[in-house]
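1. 3D model of this:
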Amino acid sequence: MQKISTLVLIIVAAFQAMNASDNVSPTTVTLAPSSAPCEITATNTEIITATPTGTLTDPLYCASSKTWLVHSSAVASMSDNNGYAGAMVRTDDAVYIRNMMSEYDSSITYWVKGDVQTDGSVTFKFPQHVYHSSTTDIYIAQLTPSLNGSTVTFSVDESNCDLRMKWEDNRLVQIIPDATNAALKQFTGVVGMVNGNGAFVGYAEQGISYKTVDNKPLTPPAGLQSRRYVMNYKTGDNESRNSVIAIGTDGDDVWFNGLNPFLPDAWVKGTMKDGTVSIPATYTGVVQGYLTYVTGLSSDNKQLVSPFSITKTAEGYAADGTIFTSLGNETVSYHDNRVLIDAVMTPYIEKTRTPATPVIDTSSAGTEAWTPEEGMGALGFTLEAVDTEGNPLDQSKLYYQIFKNGNLYTFKAEDYGHDADMTDIPYNFGSELIYNFGDGYIFVFFLDDMDSIGVRAVYKDGDNTTYSEIATHVFRQSGIEAIGGDSPVISTEYLNLNGQKVSEPDNGVYIKLTRHADGSVKATKTIIRK
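-> Modelled structure (predicted):
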């Protein structure tokens with residue numbers, strides 16, 4: 001199966017494509033050292049895994065002019081890696097940085113130490129040992145580039161591999177060494193990871209800077225009276241979307257909840273004057289290792305706009321320009337699904353709503369049976385945050401449940417690494433075994449063998465809890481009962497691959513939903529030829 005390791009790469013690649021101003025692209029960098037393997041001698045006697053004592057900044061605003069990472073078994077690079085989240089601890093004589101290589105395994109925690117010099121600059125004496133296993137040792141050092149034809153190779157020169165940085169106001173900035181070879185100028189100052197033999201392992205940063213700003217999400221005042229609104233807008237690729245947000249007022253302050261599509265619980269605040277709300281770029285939290293800000297975006301998508309404005313209308317509110325969820329608040333990392341164009345907000349009609357039934361991805365890439373070799377299986381499904389009539393639902397009140405052989409499945413804390421056992425999974429929840437890709441697509445690994453797996457949506461709105469029908473996928477017929485086998489079919493409908501209902505399907509590929517009298521729904525992919 002190998003879905004965990006593959007999926008991690010997919011997530012990194014997808015999120016960078018979602019975030020980066022230019023997509024990950026191959027470089028001429030090689031993974032091999034430029035000279036005979038050497039034996040690394042670390043400047044530290046032990047790996048620092050615990051948070052050092054001192055003044056902590058977490059999250060730390062981190063940026064680099066270029067980042068290298070392993071992508072599709074090759075070294076790839078991207079420019080302007082802006083606004084990724086790190087941490088810094090400062091003492092009188094030292095600076096510590098957590099997880100200096102932004103794209104390396106985030107489940108591994110390490111700190112590198114820099115010594116404060118008499119002029120206030122900071123020197124990280126490298127190589128520093130940051131990871132050890134029974135088969136691998138990883139070190140960080142500033143690397144020396146060399147050129148062989150069109151191929152650039154990084155190696156470690158232990159006499160010249162320290163990282164030097166200086167303070168510019170509240171930002172610690174890398175001092176880039178002078179290039180002795182003009183052809184290698186763009187590769188000088190690369191700080192990367194090497195193994196015990198000095199071979200570059202494919203993770204590096206260049207043009208590093210760390211900004212110590214106080215990033216805390218806004219909290220609305222106690223007792224703020226808010227009202228729900230439907231926000232209709234277009235994405236960057238001109239697709240019409242809607243979502244449920246909340247708006248509350250406190251004097252001249254107007255609070256908006258739900259403008260960051262990745263953190264729908266985050267709030268931003270603006271000031272009302274003459275019918276227009278002026279909203280500064282606002283920090284909203286960390287998503288996939290990046291600091292996110294809700295801000296405005298210029299019409300050419302090249303400049304962040306702060307403040308941006310929203311006008312009060314007779315029906316509700318309307319944005320005066322594009323609303324944008326930015327990675328960092330210094331450069332534009334454009335992607336279509338973080339853009340809200342022509343956003344119009346009208347009051348949400350309060351009534352009992354039943355969530356739409358999830359659609360199971362029956363392809364081999366989406367859903368796969370449990371195997372003893374892997375000890376897990378996989379379920380992929382689409383759960384749009386809409387009711388059965390297509391109206392948007394409040395994502396903060398939407399959950400889903402998984403069913404094993406028709407029985408409610410419990411995600412046990414000790415197996416899944418959660419704080420407590422879970423049966424109702426929040427719509428936007430994510431963990432090491434549960435992935436939410438946005439746009440309603442969810443991917444769940446399950447650890448038990450089962451004949452069939454089902455999923456249904458749950459909507460908890462105040463005192464009302466409503467349930468969708470159960471969508472079921474059968475891996476094999478059990479000896480006791482075939483799911484849906486004894487229950488009569490009451491209806492059949494077809495959806496196209498965008499999830500839209502098709503009354504009279506033509507030639508093509510569709511999702512067929514078969515509904516049974518017992519409430520179960522079987523989703524299968526089918527090809528229609530007339």
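2. going forward, measure contacts and count neighbours with C-alpha atoms only.
-> Fine.
3. Wasn't Glu414 part of a strand?
-> No: going by DSSP: H, G, I helix; E, B strand; the rest coil, the assignment for Glu414 is helix, not a strand.
4. now it: how far from Met422?
-> Remark: distance between Glu414 and Met422 (C-alpha to C-alpha, to the nearest Å) = 11 Å.
5. of these two, who's got more company?
-> Comparing Glu414 with Met422 by other C-alpha atoms under 10 Å, the one with more neighbours is Met422, at 15 against 10.
6. Give me the below-cutoff pLDDT ranges for the stretch 351-500 of the chain.
-> 477-487, 496-500 (pLDDT under 70).
7. Going by residue numbers, what spans are strands in it?
-> 359-360, 368-371, 376-382, 398-404, 407-408, 425-426, 434-436, 441-446, 452-461, 464-467, 470-474, 489-495 (DSSP state E, counting those that start in this stretch).
8. Dump these into a markdown table; add mean neighbour count as well.
-> Compiled in a markdown table, those are given as follows (neighbours: other C-alpha atoms under 10 Å):
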| stretch | mean neighbour count |
| --- | --- |
| strand 359-360 | 28 |
| strand 368-371 | 19 |
| strand 376-382 | 21 |
| strand 398-404 | 21 |
| strand 407-408 | 13 |
| strand 425-426 | 18 |
| strand 434-436 | 18 |
| strand 441-446 | 21 |
| strand 452-461 | 24 |
| strand 464-467 | 14 |
| strand 470-474 | 25 |
| strand 489-495 | 15 |
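9. Dump these to a markdown table, plus distance to Leu60.
-> Converted to a markdown table, those look like this (distance: least, C-alpha to C-alpha, whole Å):
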| stretch | distance to Leu60 |
| --- | --- |
| strand 359-360 | 39 |
| strand 368-371 | 39 |
| strand 376-382 | 34 |
| strand 398-404 | 32 |
| strand 407-408 | 41 |
| strand 425-426 | 28 |
| strand 434-436 | 25 |
| strand 441-446 | 30 |
| strand 452-461 | 36 |
| strand 464-467 | 40 |
| strand 470-474 | 43 |
| strand 489-495 | 45 |
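10. and of those strands, who's closest to Tyr203?
-> strand 434-436 (24.0 Å; C-alpha to C-alpha).
11. Quick one: list the elements packing against that closest one.
-> Packing partners of strand 434-436 (3 or more C-alpha pairs under 8 Å, 6 or more residues apart in numbering; DSSP states H and E): strand 441-446.
12. helices and strands around the strand it packs on, which ones?
-> In terms of contacts (3+ C-alpha pairs under 8 Å, 6+ apart), strand 441-446 is packed against strand 376-382, strand 434-436.
13. nearest to Ser77, of those strands?
-> Smallest distance to Ser77 across these (C-alpha to C-alpha): 24.9 Å, for strand 434-436.
14. quick one: the closest one to chain centroid distance?
-> Strand 434-436 has its C-alpha centroid displaced from the chain centroid by 10 Å (C-alpha atoms, centre = their mean, to the nearest Å).
15. partners of it in the sheet?
-> Take DSSP bridges as the rule and strand 434-436 pairs in its sheet with strand 441-446 (antiparallel).
16. for the strands of the stretch 351-500 of the chain, which one sits closest to Thr295?
-> From those, taking C-alpha to C-alpha, the stretch that ends up closest is strand 434-436, at 23.7 Å.
17. Now for Thr352: which residues touch it?
-> Residues in contact with Thr352 (C-alpha atoms under 8 Å, 6 or more residues apart in numbering) are Asp461, Asn464, Thr466.
18. One more pass at 7 Å, please.
-> Residues near Thr352 by C-alpha atoms under 7 Å, 6 or more residues apart in numbering: Asn464.
19. Same check on Gly285?
-> Each residue near Gly285 by C-alpha under 7 Å, 6+ apart is listed here: Pro217, Leu291, Thr292.
20. who's the last one bridged to?
-> Taking DSSP bridges as the rule, Thr292 bridges to Gly285, Leu327.
21. Surely it and Thr331 touch.
-> No: using C-alpha atoms under 7 Å, Thr292 makes no contact with Thr331, being 11.9 Å away.
22. what residue ranges in this structure score low on pLDDT?
-> Ranges of the chain meeting pLDDT under 70: 1-37, 71-73, 477-487, 496-501, 507-510, 517-520, 523-530.
23. Map the structural domains onto the sequence of it.
-> For the chain, automatic domain parsing gives the domain ranges 3-211, 226-347, 359-528.
24. wait, which of these is closest to Arg353?
-> Closest approach to Arg353 among the domains of the chain (C-alpha to C-alpha): domain 359-528, 6.1 Å.
25. so how far is the closest one off the chain centroid?
-> Domain 359-528 has its C-alpha centroid displaced from the chain centroid by 22 Å (C-alpha atoms, centre = their mean).
26. center of this protein, which residue is that?
-> Nearest to the mean C-alpha position of the chain, by C-alpha atoms, centre = their mean, lies Gln288 at 3.4 Å.
27. ends of stretch 390-408, how far apart?
-> Start-to-end span of stretch 390-408 (C-alpha to C-alpha) is 26 Å.
28. List the contacts of the residue lying closest to Met422 once chain neighbours are set aside.
-> Ranked by C-alpha to C-alpha, 6 or more residues apart in numbering and with sequence neighbours excluded, the top spatial neighbour of Met422 is Phe411, at 5.0 Å. Phe411 makes contact with Asp421, Met422, Thr423, according to C-alpha under 7 Å, 6+ apart.
29. Quick one: distance of stretch 240-255 to the chain centre.
-> Remark: stretch 240-255 is offset 24 Å from the chain centroid, using C-alpha atoms, centre = their mean.
30. do stretch 81-93 as well
-> On the basis of C-alpha atoms, centre = their mean, stretch 81-93 sits 20 Å off its chain's mean C-alpha point.
31. Kindly report the same for stretch 115-123.
-> Taking C-alpha atoms, centre = their mean, one finds the center of stretch 115-123 at 35 Å from the center of the full chain.
32. That one: which residues count as buried?
-> Asp115, Val116, Ser121, Val122, Thr123 (16 or more other C-alpha atoms under 10 Å).
33. For the nearest residue to Met376 once chain neighbours are set aside, give me its contacts.
-> Sequence neighbours aside, Leu447 is the residue nearest to Met376 in space, at 4.4 Å (criterion: C-alpha to C-alpha, 6+ apart). Taking C-alpha under 7 Å, 6+ apart, we find Leu447 in contact with Gly375, Met376, Gly377.
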